[in-house]
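Visitor: got a predicted structure here, sequence first:
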Amino acid sequence: MPQLRADQLDQHLAKHLLPLYVIHGDEPLLSLEVADAIRMKARAAGCAERDIFVAERGFEWARLNHAAADMSLFSDRKLIELRIPNGKPGDAGAEAITTYCSHLVEENVTLVNLPRLSKTDQSSKWFTALSERAMVVNVFPVERARLGLWIGARLARQKQRADDAALAFMADAVEGNLLAAHQEIQKLGLLYPEGSLTIEQIRTAVLDVSRHDVYQLAEAMLAGDAVRTTKIVQSLHGEGEQVLRLLWVLSEEIRALGRIADGLGNGRSAQELLRDNRIWGEPRQTLIVRAARTVRPAAIEAALSHAANIDRLAKGIGKGDPWDELLGLALRFCNKIDEAGLRALP
C-alpha cells in the first residue's frame, strides 16, 4: 500500500477511513497531530470505544488479538491503538502482529504508533505485514531548509503570513523544534490580527524562545546532540547563567537516568519508572527512556564523579575551567562529539 507524509493525511481522511494505520517516525508533534486526526475520523465513523496497548517488557501480546475479536458494548466498531515505544516487538510480538494483520477485523480501526525504524527493521516480516495492509504515515522531522516554509504554511492556517526574512528568523529562533515552533505560531495568532506580520512583531513575540535554558541543555544532552549541546552551553555562559545551577539540574537528570536504567534492567516498565521519578512530558520522557536503554552503570558513576569535580572547581577548589568541564560532562552522553564543540568557551 502506498505511504503518506503527515501533510497528506487530511486529504486522505476526507475521502477514506481504512481499518489499519501505522504512524512511523520520530517527530513528536506531527505524530500527535496525525494520531488525533485519525482518532477524530474514527469517532465520527462510529468507533465509540477505544483500547490502548503499550508494548513494553512483559506485555501480553494475546491481548491485542483478543481486543480485536471482542465485540463493543456500545457499537459495532472500536478504535484499537498499539504503541511500541522502542520499535522492537520481539519474537512474540512479531508473530502476534503478523497474525493480527492476516485476520484483520475491518469493522474496527487500528492505529499502530512506531518510532523511526532502521532499514533492517522495515524489512522485517512483522513490519512488512503491517505495511501491506496499513496506510503508513511517515512523520519525520522537517529539514532545516524547509522549516521556514513549514512555519509559513502553519501561519496560513490562522490567516497570517510573513516574508521570507521573518520566517527565517523564526526558524532560527526555534532551532528546528517543531513543538516550540507550533507554540510560537499559536502565540502569534493570539497576539496579532489576521494578515501580514512584520519581522519586528515576530521578533518581539518569539524573543523568549531564542533564549536557551538549562532544561533545553538537558534535552540536548539526552538526545546525544553534541552540536546543539555545545551551542546551548555557550549561550548560557554568555547570558551569565550560574554554573552551579546548571550543574544541579544536569546532575539530577543523570541520577534519574541511572535509576531508570537500573529499573529497566530489573524488568520494571518504563511508564512506572517515569512516574516514580517524576519525569513528565515529551520529548523528555522519550529521550530519557531511550538513553536509559543504552547507558552503562559505569558511565553514570563516572559522570557523577565528574559532576562532583565541577562542583569543587565552581567553588574555587582545584585547577580547571568549570564551564569547559560542564560542557565535557554533557558531551559524555552524546553519541558523536563535534570537534568544534571542544573549543574554549568565550
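Guide: Now that the structure is in, tell me what you want to look at. Numbers count the residues shown, from 1 in each chain.
Visitor: beyond the one helix or strand A220 maps to, next helix or strand please.
Guide: Element membership of A220 [criterion: DSSP states H and E] is helix 214-223. As assigned by DSSP H and E, the chain's next helix or strand after helix 214-223 is helix 226-238.
Visitor: so which elements touch that following helix?
Guide: Judged by 3 or more CB pairs under 8 Å, 6 or more residues apart in numbering; DSSP states H and E, the packing partners of helix 226-238 are helix 214-223, helix 322-331. Every residue, glycine included, has its C-beta placed from N, CA and C.
Visitor: could the ones you listed go into JSON lines alongside mean pLDDT, distance to P141 and mean neighbour count?
Guide: JSON lines is the format used below for the helices and strands packed on helix 226-238 (pLDDT from 0 to 100; distance: least, CB to CB, whole Å; neighbours: other CB atoms under 10 Å):
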{"stretch": "helix 214-223", "mean pLDDT": "83", "distance to P141": "12", "mean neighbour count": "21"}
{"stretch": "helix 322-331", "mean pLDDT": "93", "distance to P141": "22", "mean neighbour count": "21"}
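Visitor: quick one: closest of the ones you listed to T230.
Guide: The closest of these to T230 is helix 322-331. By CB to CB, the value is 6.4 Å.
Visitor: CA-only coordinates of that closest one in PDB, if you can.
Guide: Extracted in PDB, the C-alpha atoms of helix 322-331 (Å, rounded to 0.1, in the frame of the first residue of the first chain):
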ATOM      1  CA  PRO A 322      34.200  24.800  35.300                       C
ATOM      2  CA  TRP A 323      32.500  25.800  32.100                       C
ATOM      3  CA  ASP A 324      34.800  23.700  30.000                       C
ATOM      4  CA  GLU A 325      34.200  20.800  32.400                       C
ATOM      5  CA  LEU A 326      30.400  21.300  32.400                       C
ATOM      6  CA  LEU A 327      30.400  21.000  28.600                       C
ATOM      7  CA  GLY A 328      32.600  17.900  28.900                       C
ATOM      8  CA  LEU A 329      30.000  16.400  31.300                       C
ATOM      9  CA  ALA A 330      27.100  17.000  28.900                       C
ATOM     10  CA  LEU A 331      29.100  15.700  26.000                       C
END
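Visitor: now do it: distance to the chain's middle.
Guide: 25 Å (CA atoms, centre = their mean, to the nearest Å).
Visitor: on that earlier part again, who are the packing partners of the helix holding A220?
Guide: Secondary-structure packing of helix 214-223 (3+ CB pairs under 8 Å, 6+ apart): helix 226-238, helix 243-265, helix 284-292, helix 322-331.
Visitor: which SSE is immediately downstream of the longest one?
Guide: In the C-terminal direction, the helix or strand that comes right after helix 243-265 (DSSP H and E) is helix 270-276.
Visitor: swap in the third one?
Guide: Counting by DSSP H and E, the element after helix 284-292 in chain order, helix or strand, is helix 297-314.
Visitor: and that next one, what's buried?
Guide: 299-300, 303, 306-307, 309-311, 313-314 (16 or more other CB atoms under 10 Å).
Visitor: so what touches it?
Guide: Contacts to helix 297-314, defined as CB atoms under 8 Å, 6 or more residues apart in numbering, come from residues 243-244, 247, 250-251, 254-255, 257-258, 261-262, 318-322, 325-326, 328-329, 332-333.
Visitor: alpha carbons only: can I get that helix in PDB?
Guide: This file holds the C-alpha atoms of helix 297-314, laid out as PDB (Å, rounded to 0.1, in the frame of the first residue of the first chain):
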ATOM      1  CA  PRO A 297      26.200   1.900  35.100                       C
ATOM      2  CA  ALA A 298      29.900   2.700  34.900                       C
ATOM      3  CA  ALA A 299      29.100   5.700  32.700                       C
ATOM      4  CA  ILE A 300      26.600   7.000  35.300                       C
ATOM      5  CA  GLU A 301      29.200   6.600  38.100                       C
ATOM      6  CA  ALA A 302      31.900   8.400  36.000                       C
ATOM      7  CA  ALA A 303      29.500  11.200  35.100                       C
ATOM      8  CA  LEU A 304      28.500  11.800  38.800                       C
ATOM      9  CA  SER A 305      32.200  11.800  39.800                       C
ATOM     10  CA  HIS A 306      32.900  14.300  37.000                       C
ATOM     11  CA  ALA A 307      30.000  16.500  38.300                       C
ATOM     12  CA  ALA A 308      31.500  16.400  41.900                       C
ATOM     13  CA  ASN A 309      34.700  17.700  40.500                       C
ATOM     14  CA  ILE A 310      32.900  20.500  38.600                       C
ATOM     15  CA  ASP A 311      31.200  21.500  41.900                       C
ATOM     16  CA  ARG A 312      34.700  21.800  43.500                       C
ATOM     17  CA  LEU A 313      36.000  23.900  40.600                       C
ATOM     18  CA  ALA A 314      33.000  26.200  40.700                       C
END
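Visitor: poorly predicted segments of the stretch 201-346 of the chain, please.
Guide: Along the stretch 201-346 of the chain, segments meeting pLDDT under 70 span 207-213, 280-282, 335-346.
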